[in-house]
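Q: build the 3D model from these lines:
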Amino acid sequence: MRPIFKIFFITLILLLNIEKIFAQNSSELNYSYEEIEKKIDESHNSEKEMWKWINLYIKKSKLNKNDETLLYAYRVASNSCNYPKNFIYADSTLTVAKKSNDNKLLSYAFINRGSLYMSVEKYKKSLDDILIANRLSEKSGDQYTFNKTKYLIAQNKIYLGLYEDANIELKSCLEFFEKKLSLGDELGKSYSMYYLYSMMSYLDTNTKIGKQNENKALIDEVLKYIKNNKLEQYTPYFISIQGTDAFYRKDYKTAIEKLTRSLTSYNDQWPHNTDIYYLGLSFWHTGRKKVAIKYLEEIDNEYNKTKKLNPNFRTAYEILIKYNDSIGNTTKQLEYINKLMALDKSYEKNYKYLYTRINKEYDNQKLIDEKNKIEKSLKTQKITNIFLFFVSIAIIGLIVLRYKKLQKTYKARFEEILAQNQTKKVEHKIDEEKVIAIKTTDKKADEEILENNEISAEQTFDYNFYNKIPGLNPIFVENILNQLEEFENDNKFLDTQISQRLLSENLSTNATYLSKIINIYKGKTFNIYINDLRLDYIIEFLKNDVKYLNMDVKELARLSGFNNTENFSDNFQRKFKIKPSYFIKMMKENLNSNP
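A: Okay, the predicted model is just below:
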């Protein structure tokens, strides 16, 4: 092939490839930001593929001059590479945020860099950024970032061993992120991830402060969520928590089984020192010291690589020192003592700074906010109290008016009962005079009466009066009514065992006939008929014998044939429209005013 044709052919191929690459990039740029973030998440096992999508995210944001998505893109980049490159991207997020002059974006940038500082154990710088993000997010009303800062502050408190304080913060975060799960993850916001992170730390602090009983239900809940949402990469973390929980319950066998399982299940690049540490301690407590030392030496190896170590792992060095002392390895013993002293010095430095700043700038601010909230609440409460005062006055006024009205009603009813008593006395006197008149009637009148008695019984029998119940013989009705009159005169109704069936048997009839006769001729049901007789009986004593006024209601109920006080009181109020206690009180007052 001639050189000229060779050059032409190569140039043509290059142009076609460039056009193909350009077309491919143009096509990928059509992806939405949400779709790009999803592609990044899906490619976390392939670094090359992941960075292809991260770079596309950055490029698309720059082309569209979208500061918010560019910040998100840099944030993803900073969390996808190692130190110190990750801080270059973190600083880029801050540059974009400052340019936008948006408090929300600024809080995103500061919390992102603060998280990175924490991951490399630069706690001083981490806390500075987190506290700034906390104030900015609260100022902008961004609850998502505000709760993220609370989560990170809780991590600092865990570092300091302030587990109870951290537990309170984490519970609040967990409740927020859990409520937002139904919304689904949004651009720049991962409710699901921080729900899982908050849950992990909350369960861990529960274990540390002795609230393990709460953990089982929560772990079951979160594992179900993981399964339903295909987030199995998080499962080993919760198996690890089950192992730690078992360790604190001194169930070392379960701890070893769970922690071994979690260590072999992770699908990420992290060393998982927590699992290794608690495995070492579990083996140590079960007497398998050589195996335990192997795991605890892994903690030391990690320290040798990074020169950083979580203070919670301090016990590992104490055991390593003790073990090497027991086997006479003074060289190793001295090495571990020096490392422990260096760790303590570093820990003391960080402890003082972190504790002071959290207490001064975060917890104190929370106290100020709480103070303002209380003062506002007190102001509202004052207005509420004034309102309630006037409402209470109105209610009391209504109660007083009702009481006075009730007293007036009771007084009228009392006077009516007394008047009925006077009427009965007058009627009784008239009856006595009639008897006297009859007794003093002269013999002539007696003879006339005897002659009149010769009038046939049929003429004196009131047939119509006793014939009100169809199917019942009038003479039979008259007989029952006469027996009832005797029943009343003999006060047999005072028998607490009296019943409709028993009385009908005593009167040689059946319960149905007796019920019909009482309903028609007494105008009442059987129970009301008996109860009214008992009440008429006792009220006469109350009106005429002061000793009954000094009896309690229970005794009055017993004397009048009622089985219990409540039944007596209910029937008394039904019949006389006044409570027995009020009637007794008024009778006493009436006696005192009319001695």
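Q: what residues sit buried inside stretch 198-215?
A: By neighbour count, and taking 16 or more other Cβ atoms under 10 Å as the criterion, the buried residues in stretch 198-215 are 198-208, 212, 215. Backbone N, C-alpha and C define where each C-beta goes, glycine included.
Q: which one of those residues is nearest Ser46?
A: Met200 (25.8 Å; Cβ to Cβ).
Q: that closest one and Val222: what is the separation?
A: In this view, Met200 and Val222 are 9 Å apart by Cβ to Cβ, to the nearest Å.
Q: shared neighbours, these two?
A: Where contact means Cβ atoms under 8 Å, 6 or more residues apart in numbering, the residues bridging Met200 and Val222 through contact with each are Phe238.
Q: which residues are in contact with stretch 533-543?
A: Where contact means Cβ under 8 Å, 6+ apart, the residues beyond stretch 533-543 that reach it are 417-418, 421, 488, 491, 493-494, 548-549, 556, 559-562, 571-572, 575-576, 583-584, 587.
Q: and if we set it to 6 Å?
A: Stretch 533-543 is contacted from outside by Asn421, Phe493, Tyr548, Leu556, Ser560, Gly561, Lys575, using Cβ atoms under 6 Å, 6 or more residues apart in numbering.
Q: buried ones in the strand or helix carrying the third one, by neighbour count?
A: To tie it back to what came earlier, the one meant is Tyr548. If you go by DSSP states H and E, Tyr548 is part of helix 546-549. Residues Tyr548, Leu549 are the ones in helix 546-549 that count as buried (16+ other Cβ under 10 Å).
Q: which helices and strands does the helix or strand that comes right after that helix pack with?
A: If you walk from helix 546-549 toward the C-terminus, the next helix or strand you reach (DSSP H and E) is helix 553-559. When contacts are defined as 3 or more Cβ pairs under 6 Å, 6 or more residues apart in numbering; DSSP states H and E, helix 553-559 packs onto helix 565-576.
Q: list the buried residues for the helix it packs on?
A: Thr565, Phe568, Ser569, Asn571, Phe572, Lys575, Phe576.
Q: report the contact partners of the fifth one.
A: Going by Cβ under 6 Å, 6+ apart, Phe572 touches Pro580.
Q: please report the distance of it from Leu542.
A: Between Phe572 and Leu542 the distance, using Cβ to Cβ, works out to 10 Å.
Q: pull the distance from stretch 478-486 to the chain's centre.
A: From the chain centre to the centre of stretch 478-486 is a distance of 67 Å (Cα atoms, centre = their mean, to the nearest Å).
Q: packing partners for the host helix or strand of Arg113?
A: Per DSSP H and E, Arg113 falls inside helix 103-119. The elements that helix 103-119 packs onto, with contact taken as 3+ Cβ pairs under 6 Å, 6+ apart, are helix 85-100, helix 123-140, helix 143-159.
Q: which neighbouring elements make contact with the longest one?
A: Spelled out, it's helix 123-140. Of the remaining helices and strands, those touching helix 123-140 by 3+ Cβ pairs under 6 Å, 6+ apart are helix 103-119, helix 143-159, helix 330-357.
Q: flag whichever of those has the least confidence on average.
A: Comparing mean pLDDT across the helices and strands packed on helix 123-140, the lowest value falls on helix 330-357: a mean of 77.
Q: element containing the most centrally placed residue in the chain, please.
A: Of all residues in the chain, the one closest to the mean position by Cα atoms, centre = their mean is Glu175, 13.0 Å from it. Glu175 belongs to helix 163-179 when elements are defined using DSSP H and E.
Q: picking up where we left off before, if you count neighbours, what's buried in the helix holding Arg113?
A: Using 16+ other Cβ under 10 Å as the test for burial, helix 103-119 gives 103-118.
Q: now do that helix: distance to the chain's middle.
A: Taking the mean C-alpha point of helix 103-119 and that of its whole chain, the gap between them comes to 34 Å (Cα atoms, centre = their mean).
Q: tell me the angle of it relative to helix 143-159?
A: With axes from the mean of the first three to the mean of the last three Cα atoms, to 10 degrees applied, the angle from helix 103-119 to helix 143-159 works out at 20 degrees.
Q: re earlier: farthest-separated two in the contacts of stretch 533-543?
A: Asn421 and Gly561, at 20.8 Å, using Cβ to Cβ across the contacts of stretch 533-543.
Q: who has more neighbours, these two?
A: Counted by other Cβ atoms under 10 Å, Asn421 and Gly561 do not tie: Gly561 has more neighbours, with 22 against 13.
Q: for that one, which non-adjacent residue is closest in space?
A: Here the nearest residue to Gly561 in space, its sequence neighbours aside, is Leu494; by Cβ to Cβ, 6 or more residues apart in numbering that works out to 4.1 Å.
Q: how far away is the one you found from Ser92?
A: The spacing between Leu494 and Ser92, counted by Cβ to Cβ, is 101 Å.
Q: Asn215 too?
A: Counting by Cβ to Cβ, the gap between Asn215 and Ser92 amounts to 40 Å.
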